[in-house]
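Asks: no FASTA, just this:
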């Protein structure tokens, strides 16, 4: 709905890449990304893999 | 066709990002991991619809996001604080000396409507381009831009940062603007 060319200065960089907000956002997210991954996901993928040959029948 | 080893290892590699995105969306660690689990199962089942060479992370984020919203619809939007009550109580006190506390930031982020929160996360944190974010959210690029812009304004209000000028090393800009998908 919003015309991308309408207000070009705001649209060029709506986030304000070099702002405190942008830095905190990155920090917040990087914190989450660096969180240890629980084993349940590796287990899950192994299970999916094991189930795989069975599925080939259909 | 069986799931390839490469696909599996790419899935594993994407898990930290998926979890971060899931927490950002759901604001709840347990729900987030359930979302990631659901996403991995779906991705595995539909692996054939993924086109190798395209952006796997964007594809996975799309699945996760759809899952999140469909679960929310099923639950009938439980306790979402739509503007107001929390906001008033919340009064994040801006740090005296300019340094914004990460905890305050998190609380402020929680107050954003989902569409704004996901937009600012995808663009400002996950490293997607506006193009990719629009694709993930199934909307126009202009919509993403306006959501990001509103999210930023709202965060500034909540955190009482006014007329913040852009400053700091260019490296940060490059980092944020670049498509260095984390």
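Replies: Here it is on my side, so go on. Note that this is a predicted model, so its numbers are computed, not measured.
Asks: tell me which strands and helices the biggest helix by length in chain B is in contact with?
Replies: Counting residues, the longest helix in chain B under DSSP state H turns out to be helix B:5-26. In this structure, helix B:5-26 packs against helix A:20-33, helix A:40-55, helix B:29-45, helix B:56-75, helix B:114-124, with contacts taken as 3 or more CB pairs under 8 Å, 6 or more residues apart in numbering or on different chains; DSSP states H and E. Any C-beta I mention is one placed from the backbone N, CA and C, and that applies to glycine too.
Asks: hmm, 6 Å instead?
Replies: helix A:20-33, helix B:29-45, helix B:56-75 (3 or more CB pairs under 6 Å, 6 or more residues apart in numbering or on different chains; DSSP states H and E).
Asks: Tell me where the model's unsure across the chain.
Replies: As the question left the chain open, I've gone with chain A. A:1-12, A:53-58 (pLDDT under 70).
Asks: Switch to chain B, please.
Replies: Applying pLDDT under 70 to chain B flags residues B:1, B:77-99, B:162-182.
Asks: Would you reformat the helices and strands packed on helix B:5-26 as JSON lines and include distance to residue B:161?
Replies: JSON lines is the format used below for these (distance: least, CB to CB, whole Å):
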{"stretch": "helix A:20-33", "distance to residue B:161": "6"}
{"stretch": "helix B:29-45", "distance to residue B:161": "28"}
{"stretch": "helix B:56-75", "distance to residue B:161": "28"}
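Asks: Looking at those helices, which is nearest to residue B:120?
Replies: helix A:20-33 (6.5 Å; CB to CB).
Asks: closest one to residue B:131 among the helices and strands packed on helix B:5-26?
Replies: Closest approach to residue B:131 among those (CB to CB): helix B:56-75, 9.7 Å.
Asks: Could you list the residues in contact with the closest one?
Replies: When contacts are defined by CB atoms under 6 Å, 6 or more residues apart in numbering or on different chains, helix B:56-75 is touched by residues B:10, B:14, B:18, B:21, B:25, B:35, B:38-39, B:42-43, B:50, B:132, B:136, B:181.
Asks: Okay then, goodbye and thanks.
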